[in-house]
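A.B. asks: heads up, no residue letters with this:
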């Protein structure tokens, strides 16, 4: 998708650097194997001095109910978002799977599933597990990954350790009859071990984006013998996301030159990992969906590439999107500016304008896509409503 450049530095104010207005909202990885490897290197968060997140998330208003800032570039400071838990709303109550079923998974492997009484659905975002619950098969789920944090699955035992590593012993102890996963978790030898043990393992697409909301739902549903429910869920998720995008379009600046120049940074400070996500990373479609101007298209930044001072200066972002734990891992906005002094030479750095969101939510693209888009749009255009 081509763009006309948005003027760099638009909306910047002269004079001294504005005082930080740190705001934390309690209205409180990735699409390829490369991004998955980055997420597997997640480190323990360090408390951020720029914001202090309250313990319990509260409700986020709808983009249809808020007043946008007169100038979205005028806001200064950090907005840190974590979506509140949302009840599972299954498209069917305990549907009857039509088995056996043979599917060709995302890697071209033919997998026959004969029993879905004990399901494990595992990925770095928790998207697959949530999808199984939304299909109406949640009672059959016997374990969870670290990213699956919603209330309905909270009592299931963890089968991932050290962040997002598959634990073969924990998985085998649950005696699953089918495992759904993708390439965002490892080590891959665990998947091979499960197959050697006779457990059907269906590998779904690891891509996360607005373009495959329905296909991913169908991949999960087809493997579990409930294709009709998968189509219904995919249609619902897509419709909700589209309705939210239409509401955002009424809130976001209409003119391309007024849109916020936006970059997405992936940071893990104690691991020394600093990446900027570009085209085809999943972050690009997120930025565009919330009415931002995706700078990566303008500067030719494709995929996930190491962050450099030169890249930041070339991008001249008005706002930086990040994962919350990533921001914490560098000690907040002060630590990020210390690590990349060039950020101070951009409007985002000058205004300390960062929007952070829970790691497991921001790029998950699944049943809660509409909620993610809604929250990010409010953080960009009506942060005083949070």
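C.D. replies: Structure received. Bear in mind that the values here come from a model prediction, so they are computed numbers and not experimental data.
A.B. asks: roughly how far does residue 195 sit from residue 374?
C.D. replies: Applying Cβ to Cβ, to the nearest Å, the value for residue 195 to residue 374 is 40 Å. Where C-beta positions appear, they are placed from N, C-alpha and C, glycine not excepted.
A.B. asks: compare the two (neighbour count), which wins?
C.D. replies: Between residue 195 and residue 374, residue 374 has the larger neighbour count (other Cβ atoms under 10 Å), namely 28 against 14.
A.B. asks: so which strand or helix has that one?
C.D. replies: Assigned by DSSP states H and E, residue 374 belongs to helix 369-381.
A.B. asks: for that helix, which helices and strands make contact with it?
C.D. replies: For helix 369-381, the elements it packs on are strand 78-81, helix 227-251, helix 283-289, strand 354-357, helix 359-362, judged by 3 or more Cβ pairs under 8 Å, 6 or more residues apart in numbering; DSSP states H and E.
A.B. asks: so for residue 72, which of those sits nearest?
C.D. replies: Residue 72 sits nearest to helix 227-251 of all these, at 9.6 Å, using Cβ to Cβ.
A.B. asks: what distance do you get for residue 370 to residue 85?
C.D. replies: Distance from residue 370 to residue 85, by Cβ to Cβ: 15 Å.
A.B. asks: and those two? Which one has more around it.
C.D. replies: residue 370 (20 against 14).
A.B. asks: OK, contacts around the more buried one?
C.D. replies: Residue 370 is in contact with 237, 240-241, 243-244, counting by Cβ atoms under 8 Å, 6 or more residues apart in numbering.
A.B. asks: top of those residues by neighbour count?
C.D. replies: residue 237 (24 neighbours).
A.B. asks: nearest residue to that one other than its sequence neighbours?
C.D. replies: residue 213 (4.8 Å; Cβ to Cβ, 6 or more residues apart in numbering).
A.B. asks: and that neighbour, how many neighbours?
C.D. replies: Neighbour count for residue 213, taken as other Cβ under 10 Å: 25.
A.B. asks: please apply the same query to residue 89.
C.D. replies: By other Cβ under 10 Å, 11 other residues sit near residue 89.
A.B. asks: contacts only, for it.
C.D. replies: Contact analysis of residue 89 by Cβ under 8 Å, 6+ apart lists residue 134.
A.B. asks: just to revisit the earlier point, pLDDT wise, what is the residue nearest to residue 237 at?
C.D. replies: Confidence at residue 213, expressed as pLDDT, is 96.
A.B. asks: now the helices for the chain?
C.D. replies: Along the chain, the stretches classed as helices by DSSP state H are 33-40, 127-134, 168-173, 188-196, 213-223, 227-251, 283-289, 295-299, 309-315, 324-329, 332-339, 347-350, 359-362, 369-381.
A.B. asks: flag every buried residue along stretch 307-326.
C.D. replies: Of the residues in stretch 307-326, those buried by neighbour count under the rule 16 or more other Cβ atoms under 10 Å are 307, 311-312, 314-326.
A.B. asks: same thing with stretch 299-309?
C.D. replies: Buried residues in stretch 299-309 (16+ other Cβ under 10 Å): 301, 303-304, 307.
A.B. asks: relative to residue 292, which of those is nearest.
C.D. replies: Of all those, residue 292 sits closest to residue 301, with 14.7 Å by Cβ to Cβ.
A.B. asks: touching, the closest one and residue 280? I think so.
C.D. replies: No. Taking contacts as Cβ atoms under 8 Å, residue 301 lies outside contact range of residue 280: 10.3 Å.
A.B. asks: tally of neighbours for residue 74?
C.D. replies: Neighbour count for residue 74, taken as other Cβ under 10 Å: 12.
A.B. asks: any idea how far it is from residue 376?
C.D. replies: Counting by Cβ to Cβ - residue 74 and residue 376 are separated by 18 Å.
A.B. asks: how about residue 113?
C.D. replies: Counting by Cβ to Cβ - residue 113 and residue 376 are separated by 36 Å.
A.B. asks: please say which of those two ends up with more neighbours.
C.D. replies: Shown here are residue 113 and residue 376; by other Cβ under 10 Å, residue 376 has more neighbours (26 against 22).
A.B. asks: name all residues that make contact with that one.
C.D. replies: Shown in contact with residue 376 (Cβ under 8 Å, 6+ apart): 81, 286, 290, 321, 355, 357, 362.
A.B. asks: near the closest residue to residue 217 other than its chain neighbours, how many other residues are there?
C.D. replies: Leaving aside its sequence neighbours, residue 217 sits nearest to residue 234 (Cβ to Cβ, 6+ apart; 3.9 Å). Per other Cβ under 10 Å, the neighbour tally for residue 234 reads 22.
A.B. asks: which residues touch residue 234?
C.D. replies: 213-218.
A.B. asks: report the contact partners of the residue nearest to residue 237.
C.D. replies: Contacts for residue 213 (Cβ under 8 Å, 6+ apart) come out as 234, 237-238, 241, 365-366, 369.
A.B. asks: closest one of those to residue 132?
C.D. replies: Taking Cβ to Cβ as the measure, residue 132 lies nearest residue 366 of the contacts of residue 213, at 10.7 Å.
A.B. asks: can you get me a residue count around the closest one?
C.D. replies: Using other Cβ under 10 Å, residue 366 has 23 neighbouring residues.
A.B. asks: in contact with the closest residue in space to it that isn't next to it in sequence, which residues?
C.D. replies: Excluding its sequence neighbours, the residue lying closest to residue 366 (Cβ to Cβ, 6+ apart) is residue 127, at 3.7 Å. The contact partners of residue 127, by Cβ under 8 Å, 6+ apart, come to 208, 216, 364-367.
A.B. asks: state the distance from the residue nearest to residue 217 to residue 361.
C.D. replies: 20 Å.
A.B. asks: quick revisit: which ones among the buried residues of stretch 299-309 are found in strands?
C.D. replies: Those of the buried residues of stretch 299-309 mapping onto strands are residue 304, per DSSP state E.
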